[in-house]
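# build me a model:
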Amino acid sequence: MVRIHRASSTFSSLRWLSSAKLGFAGFALALLLAGCAGGERDLYPTPADFQIHGIDVSKYQGDINWNEVRNSGIKFVWIKATEGGDYLDNKFAQNWALAKQAGIPHGAYHFMYWCRPAEEQAQWFIENVPKDPNSLPPVLDVEWNPMSRTCPRRVSSEVARAEMKIILDAMERAYGKKPVIYTSVDFYRDVLKGELTDYPMWVRCVKTYPAAIYGSRRWHFWQHSAHAHVPGIRGNVDENAFYGSPREWRAFLMTAENG
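Sure, this is the predicted structure:
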């Protein structure tokens, strides 16, 4: 099982951010809500304040030169594997093998589909994602998808959490690692606020620092851009920051690899 330390107590290298910027979080949020957040970027940390960055990819990035990605300084990648109970990203196997060959820490994510039983989704992911002891923990991507042509369904918060827990538990049993939850702000507010707090969080927040949107919720990964340009990838790619120092990143990798 992955043991990820709480950011507030162990990520000491970022404490200066807390004193210099995060102490003004409430004030900055008030400015943001008031529509006058001109100084917000000076109050919150920016992606550049973090040292460990990674990406997440799917078939939409096409063929990737993973050696160039590694040489650019990217430290990790999560690769889309599955969606629902019958969709497999057609670049998953290639991306998984080549990222591993390039020596980039890598993991897989599953996109939750609210019109398929959770048990079937968990089984589909497990059937298609290798049980590699050196990989990153699996990720469950949970969002509302009202524009979906096949499943715009929106379930209750209780049902959503119950369905999530089925998949999270199955992932943990299969891979021996505590899964990561990826989410967007609307889903977080509807379903996850104050819930499932024992799981590492990966939050989407491309316009401001996560504290302005997610409040005091601890997070471990921050998807801060959907339009990054990384050598080895044609077009845009999502970029993410890890909340911690290089030393803490190495510790995270050790716990992830050891399970």
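# show me what the host helix or strand of A212 is packed against.
If you go by DSSP states H and E, A212 is part of helix 210-214. Here helix 210-214 touches helix 25-33, strand 201-204, going by 3 or more C-beta pairs under 8 Å, 6 or more residues apart in numbering; DSSP states H and E. (C-beta placed from N, C-alpha, C; glycine too.)
# out of the ones you listed, which gets the lowest mean score?
Of all the helices and strands packed on helix 210-214, helix 25-33 carries the lowest average pLDDT, namely a mean of 42.
# that older thread, for the record, mean pLDDT for the helix holding A212?
Rounded mean pLDDT across helix 210-214 is 95.
# quick one: secondary structure of the residue nearest to A160 when sequence neighbours are not counted?
Excluding the flanking residues, the one nearest A160 by C-beta to C-beta, 6 or more residues apart in numbering is V191, at 4.7 Å. Three-state assignment for V191 (DSSP: H, G, I helix; E, B strand; the rest coil): helix.
# how close does V191 sit to D56?
Distance of V191 to D56, computed by C-beta to C-beta, to the nearest Å: 21 Å.
# show me which of these two is the more surrounded one.
D56 (23 against 20; other C-beta atoms under 10 Å).
# that one belongs to a strand?
Yes: under three-state DSSP, D56 falls within a strand.
# and the residue nearest the centre of the chain, what are its bridge partners?
What sits nearest the mean C-alpha location of the chain, by C-alpha atoms, centre = their mean, is W202, with 3.4 Å. Counting by DSSP bridges, W202 forms beta bridges with Y182, F221.
# contacts only, for it.
Shown in contact with W202 (C-beta atoms under 8 Å, 6 or more residues apart in numbering): 139, 180-183, 219-223, 240.
# if you set the cut-off to 10 Å instead, what comes out?
56, 78, 109, 139-141, 180-183, 219-223, 240, 242 (C-beta atoms under 10 Å, 6 or more residues apart in numbering).
# which residues touch the residue lying closest to T183 once chain neighbours are set aside?
Leaving aside its sequence neighbours, T183 sits nearest to V142 (C-beta to C-beta, 6+ apart; 5.3 Å). By C-beta under 10 Å, 6+ apart, V142 lies in contact with 110-112, 114, 160-161, 163-164, 167-168, 181-184, 187-188, 191-192, 196.
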